[in-house]
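[1] attaching a predicted model along with its sequence, questions to come.
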Amino acid sequence: EAQVTQNPRYLITVTGKKLTVTCSQNMNHEYMSWYRQDPGLGLRQIYYSMNVEVTDKGDVPEGYKVSRKEKRNFPLILESPSPNQTSLYFCASSQRGGSYNEQFFGPGTRLTVL
Amino acid sequence: GQQVMQIPQYQHVQEGEDFTTYCNSSTTLSNIQWYKQRPGGHPVFLIQLVKSGEVKKQKRLTFQFGEAKKNSSLHITATQTTDVGTYFCAGNQAGTALIFGKGTTLSVSS
């Protein structure tokens, strides 16, 4: 089954404790991205990757890191999480970057930083 | 920078009533996409519009792209409880990242 998977689905952590949220897709998609969703703010892009070893900042990259060493994986790293990073995070992939490609979203990771 | 604005933020209807959400961009878009997110779920792609003035239908859903390619709408005829969720539009200019509107949350009472 074609899908985007994220782990963990739920995470409660404390300020400053490094964490990684994994994202994997099995559709051989070139383009992957991370969004955060907050009430009243919609979906805001954190980082995106056009292909392996190619990453770029989205609208809200501060406090986050990403890497794209393999085509299928695009982990999101929070080196020193803070309470304002409490949010619902979605990973998404599409066949290619650019305008004309449907985004496939993962199930989401609900992160709480105390 | 490019912005995509969506109204209304919330809409409550009685089952059987129609519903419309509107999406407006500050710049001309190369295309617009619509997504639906059920409560507790993730956004799911509904449709993409590319041509100026384009109209597409999916059963009770009608999607329109404005002539100037700066606005779009999603209209649901005779809403059902299964239509509950948040509807997002997303658009971009060619070669730029997809920008999502803040979404319209639809609730339906039977």
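    Yep, that arrived. Residues are numbered from 1 along each chain as shown, chains lettered A, B, ... in the order given.
[2] mean confidence for stretch A:63-78?
    For stretch A:63-78, mean pLDDT rounds to 98.
[3] name the nearest residue to the closest residue to chain A within chain B, ignoring sequence neighbours.
    Closest contact between chain B and chain A, by C-beta to the nearest C-beta, is at residue B:102 (3.6 Å). For the C-beta atoms, the positions are set from N, CA and C on the backbone; glycine is no exception. Computed as C-beta to C-beta, 6 or more residues apart in numbering or on different chains, the closest residue to residue B:102 that is not its neighbour in sequence is residue A:42, at 3.6 Å.
[4] check residue A:12 too.
    Residue A:12 sits nearest to residue A:112 (C-beta to C-beta, 6+ apart), 4.6 Å away.
[5] next one: residue A:74
    residue A:32 (4.0 Å).
[6] surely that neighbour meets residue A:93?
    Yes - the pair residue A:32 and residue A:93 passes the contact test of C-beta atoms under 8 Å, sitting 4.6 Å apart.
[7] run through chain B and note the low-pLDDT ranges.
    For chain B, applying pLDDT under 70 flags the ranges B:1-2, B:94-95.
[8] get me the contact residues on it for chain A.
    With C-beta under 8 Å from any C-beta of the partner chain as the criterion, chain B comes near chain A at residues B:6, B:9, B:30-31, B:33, B:35, B:41-45, B:48, B:50, B:88, B:90, B:92-95, B:97-98, B:100-103.
[9] what residues are up against the most centrally placed residue in chain A?
    Centroid-nearest residue in chain A: residue A:34, 2.9 Å away (criterion: C-alpha atoms, centre = their mean). Shown in contact with residue A:34 (C-beta atoms under 8 Å, 6 or more residues apart in numbering or on different chains): A:23, A:45-48, A:58, A:64, A:66, A:74, A:76, A:89-92.
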